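J.: Generate coordinates for the sequence data below:
(one chain, ligands or ions: 1)
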Amino acid sequence: MCTNTLMPLKQPLVPFVDLAAQYRTIAAEVEQAATRVLREADYILGREMKRFEQEFALFCETKYAVGVDSGTSAIELALRAYEIGAGHEVITAANSFIATSLAISHTGATPVLVDVDPRTYTIDVAAIERAITPRTKAIIPVHLYGHPAYMDRIQQIAERHRLFVIEDACQAHGARYRGRRAGSWSHASAFSFYPGKNLGAYGDGGMVVTNDQRIAQRIEMLRNYGQQEKYHHLFRGYNRRLDTLQAAVLRVKLRYLESWNEARRRNAALYHKFLKESGVGLPSEAEDATSSWHLYVIRVGHRDALREHLASRGVSTGVHYPIPIHLQPAYHDLGHKVGDFPVSESCARSILSLPMYAELARCQIELVAEAVRDFMSARPDAKLVDVPGVKHAFYPPAMQSHPEPTVLRAGRQTPSLSQSSPLFFRWPPGGCRAFSLPSSFSTSRFRWVPTSITGRMMPLLERWED
Ligand SMILES: Cc1ncc(COP(=O)(O)O)c(C=O)c1O
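T.: Numbers count the residues shown, from 1 in each chain. Model (predicted):
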């Protein structure tokens, strides 16, 4: 039963994820599978792990799968298998979990960060091409929040420049792009089985999938001390194996993955339905993309206030991720500064992940949506407007009392906007009104971004702060 009358709340009414709820639905099967491994004492590179590798490769529509101890290891070992390391550059997205970049760094290579597409939050394909240098060896697109990156265009760039592509599919088990599974597009792909993922173990785990037998064999050795046969070490490898016990659990869960992903899709559709008039920016799928809906990420002004409001109603939320990688202290040596990747920075300020998992009940979604709508009615300045090709833009307070103003164009179609450049709004309907920026307005809150649709530069307004 869902109710929002109990306050204060010890347990959230709507947890962000509910792994115990999932466990209850499969407990008997999981316990049976785990007991089998324990009885057989088959713990390391055991039969259940081999079976899981075969089944996961089949699921991903690839020839090979190699189980490793985490998603981070999966990325690193895939890079190492292609002999990528010191002196090389690997292009990836600034808006991702830091593990993508860490895995690159751990090989000795340098992560070269680029911005993301404002519609899907996946790597900005045009920016990849601009970042290529003679040292570039690979591209790692991230299927962020479960939404696949534009793999066909990325592959074309990679082929033109003879680069490897390694998909970070750590959030995208079961997603598809143009009919093909996320993870099956590239030279090798990495998956994570961290407990909260769409396919999660009861501990850490990961997998590399590939169609290249030579690479699969090399990763099998890399994860196992570099040995080809017992005590014969061809190179200096690691101990990075997937536990057989985890593989046994994951075999059980894999049988449910499609239906769990379907439930997530239904939940996303319900959020859409209940929030479409609310004024928050909603996630959407690009044409030909099927997301795994790992996360349901909205965009809104006054994000932290909304987060607090939801917490007071018993709704737990997340922020994925509050600091883009180029602004993390761990990567200060890359020499980036605020403003280098405006879309990623804008996301970091305004994104909010709502509860999303297969077992989420309709009434819980209604409760979350009602709380969001109540907040938005009280704080209309947190609203977003749709600019063609730039989904999530905020508009200035002077326009907020008017119905449906949309940014039409800026006074000058150049990236050098100043206080004196008026903005034109398509408002009132059928009309057009110029709006000058007040002197208090910081131009750093205003960015130009190329639209995905027309390629023209369009203004992306940040949250207005007086
Ligand atoms: C996009 C992305 N890449 C890489 C990783 C790293 O996976 P793991 O935590 O299994 O090392 C994660 C998971 O947390 C992730 O979300």
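J.: ok, now how distant is Ala21 from the ligand?
T.: Using C-beta to the nearest ligand atom, to the nearest Å, we find Ala21 at a distance of 21 Å from the ligand. Heads up, the C-betas are built off the backbone N, CA and C, glycines and all.
J.: So which bits of the host helix or strand of that residue are buried?
T.: Per DSSP states H and E: Ala21 is located in helix 19-40. For helix 19-40, burial by neighbour count (16 or more other C-beta atoms under 10 Å) applies to Gln22, Val30, Ala33, Ala34, Val37.
J.: quick one: which of the residues you listed is nearest the ligand?
T.: The ligand has its nearest neighbour among those in Gln22, at 17.6 Å by C-beta to the nearest ligand atom.
J.: Look up how far Lys253 lies from that closest one.
T.: 8 Å (C-beta to C-beta, to the nearest Å).
J.: Next: His309.
T.: Counting by C-beta to C-beta, the separation of His309 from Lys253 is 34 Å.
J.: quick one: which of these two has more around it?
T.: Lys253 (22 against 18; other C-beta atoms under 10 Å).
J.: Return the residues in contact with that one.
T.: Ile26, Val30, Leu199, Gly200 (C-beta atoms under 8 Å, 6 or more residues apart in numbering).
J.: Nearest spatial neighbour of Tyr202, chain-adjacent residues omitted?
T.: Computed as C-beta to C-beta, 6 or more residues apart in numbering, the closest residue to Tyr202 that is not its neighbour in sequence is Val249, at 5.6 Å.
J.: show me the contacts for that neighbour.
T.: With contact taken as C-beta under 8 Å, 6+ apart, Val249 is in contact with Val30, Ala33, Ala34, Ala201, Tyr202.
J.: Make a markdown table out of these and add pLDDT and distance to Arg162.
T.: Rendered in a markdown table, the data for those read as follows (pLDDT from 0 to 100; distance: C-beta to C-beta, whole Å):
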| residue | pLDDT | distance to Arg162 |
| --- | --- | --- |
| Val30 | 98 | 45 |
| Ala33 | 98 | 44 |
| Ala34 | 97 | 46 |
| Ala201 | 98 | 36 |
| Tyr202 | 98 | 41 |
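J.: could you dump those residues to a markdown table with distance to the ligand?
T.: Formatted as a markdown table, these follow (distance: C-beta to the nearest ligand atom, whole Å):
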| residue | distance to the ligand |
| --- | --- |
| Val30 | 20 |
| Ala33 | 21 |
| Ala34 | 20 |
| Ala201 | 9 |
| Tyr202 | 13 |
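J.: Can you lay out those residues as TSV showing distance to His332?
T.: Below are these laid out as TSV (distance: C-beta to C-beta, whole Å):
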residue	distance to His332
Val30	43
Ala33	45
Ala34	44
Ala201	33
Tyr202	36
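J.: pLDDT score assigned to whichever residue of the chain sits closest to the ligand?
T.: Relative to the ligand, the nearest point of the chain is Gly71 (2.5 Å; C-beta to the nearest ligand atom). Predicted confidence (pLDDT) at Gly71: the value is 98.
J.: And for Glu345?
T.: In this prediction Glu345 is given a pLDDT of 85.
J.: immediately after the helix or strand harbouring it, which helix or strand?
T.: For Glu345, the element it lies in under DSSP H and E is helix 342-350. Helices and strands here follow DSSP H and E; after helix 342-350, the next one along the chain is strand 351-354.
J.: now what about the helix or strand just after that next one, what contacts it?
T.: Scanning forward in sequence from strand 351-354 by DSSP H and E, the next helix or strand is helix 362-378. Outside helix 362-378, the residues that touch it by C-beta under 8 Å, 6+ apart are 1-2, 4, 13-14, 267, 270-271, 274-275, 278-280, 298, 300, 305-306, 309-310, 313-315, 354-355, 382-383.
J.: now, which of these lie within helices?
T.: By the criterion of DSSP state H, membership of the contacts of helix 362-378 in helices covers Asn267, Leu270, Tyr271, Phe274, Leu275, Ala305, Leu306, His309, Leu310.
J.: Tell me the secondary structure at Trp185.
T.: Using DSSP: H, G, I helix; E, B strand; the rest coil, the structure places Trp185 in coil.
J.: and the residue lying closest to it once chain neighbours are set aside, how far is that from Ile91?
T.: Distance criterion C-beta to C-beta, 6+ apart; nearest residue to Trp185, sequence neighbours excluded, is Met151 at 4.2 Å. Relative to Ile91, Met151 is positioned 14 Å away (C-beta to C-beta).
J.: of the two, who's got more company?
T.: Higher neighbour count among Met151 and Ile91: Ile91, with 28 against 23, using other C-beta under 10 Å.
J.: near the ligand, which residues of this structure show up?
T.: 70-72, 96-97, 99-100, 142, 168, 170-171, 192, 194, 204, 206 (C-beta under 6 Å from any ligand atom).
J.: Those in strands, which ones?
T.: Asp168, Ser192, Gly206 (DSSP state E).
J.: now the residues you listed as a markdown table including distance to Pro342, pLDDT and neighbour count?
T.: Converted to a markdown table, those look like this (distance: C-beta to C-beta, whole Å; pLDDT from 0 to 100; neighbours: other C-beta atoms under 10 Å):
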| residue | distance to Pro342 | pLDDT | neighbour count |
| --- | --- | --- | --- |
| Asp168 | 22 | 98 | 32 |
| Ser192 | 28 | 98 | 29 |
| Gly206 | 32 | 98 | 28 |
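J.: Just name the closest of those to Glu258, please.
T.: Of all those, the one sitting nearest Glu258 is Ser192; the distance, using C-beta to C-beta, is 18.7 Å.
J.: pLDDT score for the nearest residue to Arg307 once chain neighbours are set aside?
T.: Counting by C-beta to C-beta, 6+ apart, Thr317 is the residue found nearest to Arg307 once chain neighbours are left out, at 5.4 Å. Predicted confidence (pLDDT) for Thr317: 98.
J.: now Ala248
T.: On the pLDDT scale, Ala248 is placed at 98.
J.: go on, Val252?
T.: At Val252, pLDDT is 98.
J.: Please apply the same query to Met7.
T.: For Met7, pLDDT reads 42.
J.: doesn't Ala188 make contact with Ile166?
T.: Yes: using C-beta atoms under 8 Å, Ile166 is in contact with Ala188, at 5.3 Å.
J.: So this protein: which segments form each domain?
T.: Each domain of the chain is listed here as a residue range: 19-254, 258-380, 385-461, per automatic domain parsing.
J.: Many thanks, I have nothing further to ask.
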